[in-house]
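Chemist: Need the 3D shape of this:
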Amino acid sequence: MTEDPTLVPFPQRPEDRLRVALRELERALEEQALAFQEFRANMAVLGTAVNGLQGSLEDYRGSLDNLALDVQDAHETALEVMRNCDMTKH
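Modeler: Residues are numbered from 1 along each chain as shown. I've put the predicted structure just below:
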């Protein structure tokens, strides 16, 4: 879209200037429509990526929750083992 501008000879009659202006406006509107289509497509791709990321984060959180439970169980087991060791020493 970064094309070098081309010089257009300036029409002498008002109706010719209007015709040139309308052609340029139509061209600009077509470019804008294409840019908007690209934008919408990119937003759809971004939405898909964000949804995938959300799913991954939810899975990760579930894994962390399970790990926290495992760590808590291990901690409680270690405390119980320590208490049993203290009882056998006395």
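
Chemist: low-scoring stretches of the protein, by residue?
Modeler: Applying pLDDT under 70 to the chain flags residues 1-2, 8, 90.

Chemist: unless I'm mixing things up, residue 10 is touching residue 16, no?
Modeler: No - judged on Cβ atoms under 8 Å, residue 10 makes no contact with residue 16 at a distance of 9.2 Å. (Glycine included, C-beta is placed from N, CA and C.)

Chemist: Mind checking which of these two has more residues around it?
Modeler: residue 16 (12 against 8; other Cβ atoms under 10 Å).

Chemist: Now that one: which helix or strand?
Modeler: Here residue 16 sits within helix 14-89, counting by DSSP states H and E.

Chemist: now that helix, how far from the centre of its chain.
Modeler: With Cα atoms, centre = their mean, to the nearest Å as the basis, helix 14-89 stands 6 Å off its chain's centre.

Chemist: how many other residues sit next to residue 11?
Modeler: 13.

Chemist: Next: the one 10 residues further on.
Modeler: Residues contacting residue 21 under the criterion other Cβ under 10 Å number 11.

Chemist: Residue 3 versus that one, what's the distance?
Modeler: Using Cβ to Cβ, to the nearest Å, residue 21 is found at 19 Å from residue 3.

Chemist: Also residue 15?
Modeler: Distance from residue 15 to residue 3, by Cβ to Cβ: 27 Å.

Chemist: Residue 27 too?
Modeler: Distance from residue 27 to residue 3, by Cβ to Cβ: 11 Å.

Chemist: So these two - more neighbours on which side?
Modeler: Higher neighbour count among residue 27 and residue 3: residue 27, with 10 against 6, using other Cβ under 10 Å.

Chemist: so how far is residue 48 from that one?
Modeler: Taken as Cβ to Cβ, the span from residue 27 to residue 48 is 32 Å.
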